[in-house]
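Peer 1: Below are the sequence and a predicted model for it; my questions follow.
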Amino acid sequence: MTILSLHNISKSYGDHHILDQVSFAVHAGHRAALVGANGAGKSTILKIIMNAEEPDEGEVSLMTGITIGYLPQTLQTDDSLTISQYIFNAQKELRALQQRMDELSAMLATAEGTDLSAELAEFGSVSTRFEQRGGYDVEYRTQLVMEGLRIGHLDEKRALATLSGGQQTRVGLAALLIETPDLLVLDEPTNHLDAQALTWLETYMASYPGTVLMSSHDRQFLNRTVTLIIEVDDYMRKCSEYPGSYDRYRASKHKELLKWKDDYNRQQEEMKQLRERMSEKGRQVSHNRPPTDNDKFAKHFFRGRVQSAISQKVRNAETKLERLQDNQIPIPPKPLAFHLDFRPDKLQGEIAMEIVGVAKSYDGQTPLFSNITLSVEAGSRLLITGPNGSGKSTLLDILAGRLQSEEGVIRLADGIEVGYLEQGTGAGVGTTAFGAATTVLEAYRFDRTGYEEDLIAELLSTYLFRPDEIGKQLSELSPGQFRKLQLARLISSRANLLIIDEPTNHLSPDLIEQFEGALRHFPGPVIAVSHDRRFIGQFGGIEYKLDQGKLELQEH
């Protein structure tokens with residue numbers, strides 16, 4: 001039973017095309033997730049479903065009579081409301097059902113005949129609906145959800161305006177889970193959740209009684225909660241459906257890539273054979289065989305028949321080759337790989353970077369951290385964790401040479417070249433680092449030498465940008481596209497020590513998988529900051545926690 005379907009949805013903002021003839025369906029009871037890079041159109045799809053955006057073409061179909069709950073990335077509400085008022089308002093349908101049940105109970109006390117039958121039937125329908133929506137255990141569920149999302153300690157009379165953005169989002173999510181709508185539409189619900197709240201939400205969502213459509217970058221969360229992956233392709237601007245968990249989606253994508261490679265190689269081989277056949281037959285047509293007798297008529301007759309047959313074969317081969325060339329399979333993308341021109345064995349047993357007594361303060365007064373001392377060995381993997389605001393990104397800026405420390409020194413071993421993937425929060429972030437560059441190609445070329453043609457070929461070889469995108473204005477890039485530009489510069493930088501800050505931000509899941517694979521084959525040391533649980537599990541290495549101004553080794 002289809003609860004939601006999109007039919008040929010297209011959407012553009014000016015000259016920027018987001019969605020092109022997007023169609024998919026979500027069936028009742030499914031938990032579906034939209035995945036794709038930031039800017040691919042996931043939030044746009046959710047807004048179109050909720051009538052917060054109008055599509056240029058196409059339509060959205062929803063099952064009649066269902067209730068929908070929507071959580072945007074930023075909660076929009078009346079800040080004068082208290083927590084309890086907001087949650088109370090979210091339960092208006094449950095209250096309406098309860099009120100109708102009370103009215104029918106009073107009416108049944110005096111009803112007779114046909115009135116009694118009609119009221120009994122309605123009472124049964126309303127009470128069933130009330131039960132399905134969890135009306136009988138709403139108080140228990142309220143306590144469970146508030147505690148699970150770690151906001152149960154907040155004073156219920158506290159105004160929403162006094163909460164942080166993350167706390168407001170948690171309250172909004174809690175209200176929806178308590179309400180239990182038939183269709184739950186969530187835009188990045190895992191934002192602002194700590195590990196404990198995230199683990200609780202995974203368990204709760206895995207048994208949600210209604211239907212769910214959400215967008216999320218958290219691969220582990222998806223793997224534990226969803227039954228359908230809907231990929232939003234920012235190249236084709238279309239959607240593809242993959243039943244099952246995230247891991248099943250990843251396996252399907254791997255099979256698709258293998259088939260793509262096989263089909264491409266098969267077509268290339270066929271075109272090669274056709275060209276060879278045409279060349280061989282062409283030589284035969286032009287070859288003048290010596291006459292075997294003096295019968296000129298027979299000589300010309302048989303030669304003409306042979307040449308005619310050969311020419312027909314050549315024309316057939318030409319026609320088939322033209323047809324294949326008109327429908328050529330694109331070259332499959334190669335896995336991301338770092339461009340290296342150094343010998344890692346030269347650094348074995350050496351210290352690649354030494355950090356001694358580094359300190360930084362806010363405005364030179366309030367300490368952020370101090371006496372950071374650390375040795376980065378060749379080939380090592382260091383993970384820096386810590387709460388938001390503890391200074392992790394600031395520390396990486398200092399290690400990468402983007403920011404000066406107030407105290408201490410940083411020493412690099414001879415031959416070390418640092419590559420830095422800064423965090424970035426959206427399109428245009430960090431564009432000032434590219435000087436006067438205004439396009440993708442200009443930013444990619446910034447501070448590099450070489451012929452433009454070679455640099456274009458190098459950029460296109462990453463398969464992160466299409467040829468028609470390299471002239472795109474930096475100001476027009478989505479967060480995902482800007483992140484890909486940063487990534488392209490990193491992998492071609494020939495750095496042998498990497499510093500990466502939240503590397504999975506704004507990337508599509510398949511690109512994250514490729515980047516993780518490239519890191520596994522990178523022989524130099526890597527220093528990373530990440531909150532992505534799956535990335536952390538793949539990354540391994542030694543963990544240091546930065547908290548309250550101190551960097552401490554974590555024992556596992």
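Peer 2: All right, it came through fine. A quick note: this is a predicted structure, and the numbers were derived from the prediction, not measured.

Peer 1: Could you list the low-pLDDT ranges of the protein?
Peer 2: 281-310, 340-349, 364, 424-432, 556 (pLDDT under 70).

Peer 1: quick one, longest helix in it?
Peer 2: Ranked by residue count, the top helix of the chain under DSSP state H comes out as helix 246-286.

Peer 1: other SSEs contacting that one?
Peer 2: strand 31-35, helix 219-225, strand 228-233, strand 238-243, helix 296-326, helix 509-520 (3 or more Cβ pairs under 8 Å, 6 or more residues apart in numbering; DSSP states H and E). Quick note: C-beta positions are derived from backbone N, CA and C, even for glycine.

Peer 1: Rebuild the ones you listed as JSON lines, extending it with distance to residue 264 and mean neighbour count.
Peer 2: Shown next, in JSON lines, are the helices and strands packed on helix 246-286 (distance: least, Cβ to Cβ, whole Å; neighbours: other Cβ atoms under 10 Å):
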{"stretch": "strand 31-35", "distance to residue 264": "25", "mean neighbour count": "22"}
{"stretch": "helix 219-225", "distance to residue 264": "28", "mean neighbour count": "21"}
{"stretch": "strand 228-233", "distance to residue 264": "19", "mean neighbour count": "23"}
{"stretch": "strand 238-243", "distance to residue 264": "19", "mean neighbour count": "17"}
{"stretch": "helix 296-326", "distance to residue 264": "12", "mean neighbour count": "13"}
{"stretch": "helix 509-520", "distance to residue 264": "18", "mean neighbour count": "18"}
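
Peer 1: Take these and write them to CSV, including distance to residue 533.
Peer 2: Conversion of the helices and strands packed on helix 246-286 to CSV gives the following (distance: least, Cβ to Cβ, whole Å):
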stretch, distance to residue 533
strand 31-35, 16
helix 219-225, 5
strand 228-233, 18
strand 238-243, 21
helix 296-326, 46
helix 509-520, 12
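
Peer 1: how far off helix 509-520 does the longest helix of the chain point, in degrees?
Peer 2: 90 degrees (axes from the mean of the first three to the mean of the last three Cα atoms, to 10 degrees).

Peer 1: Specify the angle between helix 246-286 and strand 31-35 in degrees.
Peer 2: 50 degrees.

Peer 1: distance between helix 246-286 and the chain's centre?
Peer 2: In this view, helix 246-286 has its centroid 30 Å away from the chain centroid, taken as Cα atoms, centre = their mean, to the nearest Å.

Peer 1: sec struct for the closest residue in space to residue 407 that isn't next to it in sequence, please.
Peer 2: In space, and not counting its chain neighbours, residue 407 is closest to residue 359: 4.0 Å by Cβ to Cβ, 6 or more residues apart in numbering. Following DSSP: H, G, I helix; E, B strand; the rest coil, we place residue 359 in the strand state.

Peer 1: Just to be sure, residue 102 is in a strand?
Peer 2: No - counting by three-state DSSP, residue 102 is not part of a strand but helix.

Peer 1: quick one: it and residue 16, what's the gap?
Peer 2: 53 Å (Cβ to Cβ, to the nearest Å).

Peer 1: Share the number of residues neighbouring residue 407, please.
Peer 2: Residue 407 has 13 neighbouring residues, counting by other Cβ atoms under 10 Å.

Peer 1: Now it. Its backbone dihedrals?
Peer 2: Phi and psi for residue 407, reported as degrees, to the nearest 10, are phi -140, psi 160.

Peer 1: Would you tell me what helix or strand the residue lying closest to residue 163 once chain neighbours are set aside is located in?
Peer 2: Distances taken as Cβ to Cβ, 6+ apart put residue 171 closest to residue 163, at 6.9 Å, once the chain neighbours are dropped. For residue 171, the host element (DSSP states H and E) is helix 165-179.

Peer 1: Adjacent strands (with direction) for the helix or strand just after that helix?
Peer 2: Going down the chain from helix 165-179, the next helix or strand is strand 183-187, by DSSP H and E. In the sheet, strand 183-187 lines up against strand 68-71 (parallel), strand 211-215 (parallel) (DSSP bridges).

Peer 1: Tell me the gap between strand 183-187 and the middle of its chain.
Peer 2: 17 Å.

Peer 1: now that strand against helix 165-179, angle please.
Peer 2: Using the same axes, to 10 degrees: strand 183-187 against helix 165-179 is 170 degrees.

Peer 1: Quick one: residues in contact with strand 183-187.
Peer 2: 3-4, 42-43, 46, 49-50, 62, 66-73, 173, 176, 208, 210-216 (Cβ atoms under 8 Å, 6 or more residues apart in numbering).

Peer 1: let's go with 7 Å and repeat that
Peer 2: 3-4, 43, 46, 49-50, 66, 68-73, 176, 208, 210-215 (Cβ atoms under 7 Å, 6 or more residues apart in numbering).

Peer 1: Residue 202: which of the helices and strands packed on helix 246-286 is closest?
Peer 2: helix 219-225 (4.5 Å; Cβ to Cβ).

Peer 1: quick one: contacts of the closest one?
Peer 2: 31, 33, 190, 198, 202, 205-206, 216, 245-247, 509, 533-534.

Peer 1: Give the PyMOL command for selecting the buried subset of the residues you listed.
Peer 2: To isolate in PyMOL the members of those that are buried, counting by 16 or more other Cβ atoms under 10 Å, one can use:
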select buried, resi 31+33+190+198+202+205+216+245+246+509+533+534
